[in-house]
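Trainee: 3D, please:
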Amino acid sequence: MNVIAFLGSPRVDGNSALLLKEAVRGIEEEGFIVRTFNLNTMNIHACQNCGGCDKTGTCVVADDMAEVFTAVRSADRIILASPIFFFGLSAQSKAMIDRCQSFWCEKYLLKKPIPAGPFGRKGLLLLVGGMKKAVGMDCGNATATAFFRTISVPEHAVLSFMGVDAKGAIRDHPTALTEAFEAGRSLVSV
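Mentor: Predicted coordinates:
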């Protein structure tokens, strides 16, 4: 089973990274390898809405998204971990998602969705933020849902944790790291 993960946090070893680390540990304990993309360290330009992918489903911008496009096509399981900033996914996450417009064109205009493969395609969304109201998590999940469906991931689980802001504070949450570990394990169960 091919598993990839996107870390959308700019904070090194922050709460999103800690949640993702536990999910990956759960997957690895089930015998699978996870390829993680740290979006903050990658050269990913913003979508230019140039129309270059409209007729081909291929993005014309040359940068590190080429690796992402290849990985997404062959993945059976996809994880996105992001902090919530101003009721939305991080800029790093959103830049990657926006560049998946080429997959949208391929799926909806050209009628060529990514095939499911022998294990099907499933996703996991890990969200964390300092807010006290769920609206930020809801907005982040709405964007992630559009992303997952565009890349032919018909279902995804969501773990979200509010009121967690300071670096490393997720460690003080009574269940978060255990939940992330179990979500990783569950993601790869067949």
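
Trainee: strands along this protein, start to end?
Mentor: 3-7, 34-38, 77-85, 88-89, 122-128, 155-161 (DSSP state E).

Trainee: which among those is found nearest to residue 181?
Mentor: Smallest distance to residue 181 across the strands of the chain (Cβ to Cβ): 10.5 Å, for strand 155-161. All C-beta spots, glycine's among them, are computed from the backbone N, C-alpha and C.

Trainee: who does residue 159 bridge with?
Mentor: Beta-bridge partners of residue 159, counted by DSSP bridges, are residue 126.

Trainee: with residue 37 as the reference, measure out to it.
Mentor: Going from residue 159 to residue 37 by Cβ to Cβ, to the nearest Å gives 19 Å.

Trainee: same check, this time on residue 77
Mentor: From residue 77 across to residue 37, the span is 14 Å (Cβ to Cβ).

Trainee: and the residue most central in space within the chain, what does it touch?
Mentor: In the chain, the residue lying closest to the centroid (Cα atoms, centre = their mean) is residue 80, at 2.0 Å. Applying Cβ atoms under 8 Å, 6 or more residues apart in numbering, we find residue 80 in contact with 5, 6, 8, 89, 93, 123, 124, 125, 126, 144, 147, 148.

Trainee: skipping its backbone neighbours, what lies nearest it in space?
Mentor: residue 6 (4.9 Å; Cβ to Cβ, 6 or more residues apart in numbering).

Trainee: burial check on that neighbour, number of neighbours?
Mentor: Neighbourhood size, residue 6 [other Cβ atoms under 10 Å]: 23.

Trainee: surely it touches residue 40?
Mentor: No. Residue 6 is beyond contact range of residue 40, at 10.4 Å (criterion: Cβ atoms under 8 Å).

Trainee: about what we covered before: make a markdown table from the strands of the chain and add distance to residue 55 to it.
Mentor: Shown next, in a markdown table, are those (distance: least, Cβ to Cβ, whole Å):
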| stretch | distance to residue 55 |
| --- | --- |
| strand 3-7 | 27 |
| strand 34-38 | 27 |
| strand 77-85 | 26 |
| strand 88-89 | 29 |
| strand 122-128 | 28 |
| strand 155-161 | 29 |
